[in-house]
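[1] need the 3D shape of this:
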Amino acid sequence: MASSLITIDDIVRKTSDLPSIPAAALRVVRETDSSTSTAGSVAHILAQDQALSVRVLRLANSAYYGLSRKVSDLSEAVIVLGMRSVRNLAMVASTYPWMIRPLAGYCLGPRQLWAHSFGVAVGAQAVAERSRVPGLEAAFTAGLLHDLGKVALSIWLENKVAALIALANRDGLTFDQAERKVLGFDHAEVGQYMAESWNLPKSLVDGIRYHHEPNLCHPHSPIVDCVHIADYLTMTMGVGLGGDGLQYKFSPESLERIGLTFADLDSITESFVLVYEGYEAMFAELQTL
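    Down below sits the predicted model:
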């Protein structure tokens, strides 16, 4: 049933107004992954993009962080908030403008993709912190970008979404499985293609590609497991739920691989709500950018 009329390359080449991330933000992601990065090196990269610098500083000074005084220098922001937080802010500021658009192909209204993606980012970070597996600093970014492919694929699904949902319900398929049956590929694979074209680190590319199928990632990636668990958690809570959220295949092996149990998941769910609600002040700031 898979269609051979269109390829992932066609999707990316022929879709107008594709999402993009400023080069400075992408460089910040790579720099903070480096063992030689410093507050000065990260600040220097951010300073190359004036608009991004302004956004990061405004977010750093939002009520969410509750700093006792205003931070006006990028190096100071990195020192006060830490590299991980500044990297997260750079990605949030970069993705928000195109993540708030409605995606008719996934039955998502304005800001719904953003709400879900940000929820997965927060959840992935919470799962990473609870698991205490080293090297999971990129879990937030991977969670934020996991549904990147939907932004490109949505317009191609607008006339097919009702049939896809009907197919999924009839055959007991998840939405991504229905995508593969009809198109021959799914939004995760489209997202992988885009992430690779941006030269994102492999940990982030894998998080995008395997967030629905963590057991297929070899070698297994704890970041993929964190994103998968957070995606399931966010879906079950109904955050940014679209047409593809009707059925979700959860892989309990993800919990086992990072040393967590379903009891841990319950505990993370409780704290997730508080953390997510705490970001409302940042949401308000984003809407003015």
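
[2] count of residues packed around V122?
    By the measure other CB atoms under 10 Å, the count of residues near V122 is 25. No exception for glycine: its C-beta is placed from N, CA and C like everyone else's.

[3] return the residues in contact with it.
    Contact analysis of V122 by CB atoms under 8 Å, 6 or more residues apart in numbering lists F140, G143, A230, F272, V275, Y276, Y279.

[4] and if you look at L136?
    The contact partners of L136, by CB under 8 Å, 6+ apart, come to A128, E129, P222, I223, C226.

[5] state the distance from it to P214.
    From L136 across to P214, the span is 14 Å (CB to CB, to the nearest Å).

[6] pretty sure S117 is touching G143, no?
    Yes. In this structure, S117 sits in contact with G143. The criterion is CB atoms under 8 Å, and the distance is 7.3 Å.

[7] those two: which is more packed in?
    Comparing S117 with G143 by neighbour count (other CB under 10 Å), the higher total belongs to G143, at 33 against 26.

[8] hang on, that one in a strand?
    No. Residue assignment for G143, taken from DSSP: H, G, I helix; E, B strand; the rest coil, gives helix, which places it outside any strand.

[9] contacts only, for it.
    When contacts are taken as CB under 8 Å, 6+ apart, G143 is in contact with S117, V120, A121, V122, G123, A124, Q125, G207, C226, V227, A230, D231.

[10] looking at those residues, which is nearest D266?
    Compare each of the contacts of G143 with D266 using CB to CB and the shortest gap goes to G123, at 13.2 Å.

[11] was I right about that closest one contacting I229?
    Yes. With the criterion set as CB under 8 Å, G123 and I229 qualify as a contacting pair; they are 7.4 Å apart.

[12] between the contacts of L136, which is nearest K14?
    Sorting the contacts of L136 by distance to K14 puts I223 at the head of the list, at 30.9 Å, by CB to CB.

[13] was I right about that closest one contacting E137?
    No. At 9.3 Å, I223 and E137 do not qualify as touching, with contact defined as CB under 8 Å.

[14] name the residues of the strand or helix carrying V227 that are buried.
    The secondary structure element spanning V227 is helix 222-236 (assigned by DSSP states H and E). In terms of neighbour count (16 or more other CB atoms under 10 Å), helix 222-236 has its buried residues at 222-235.
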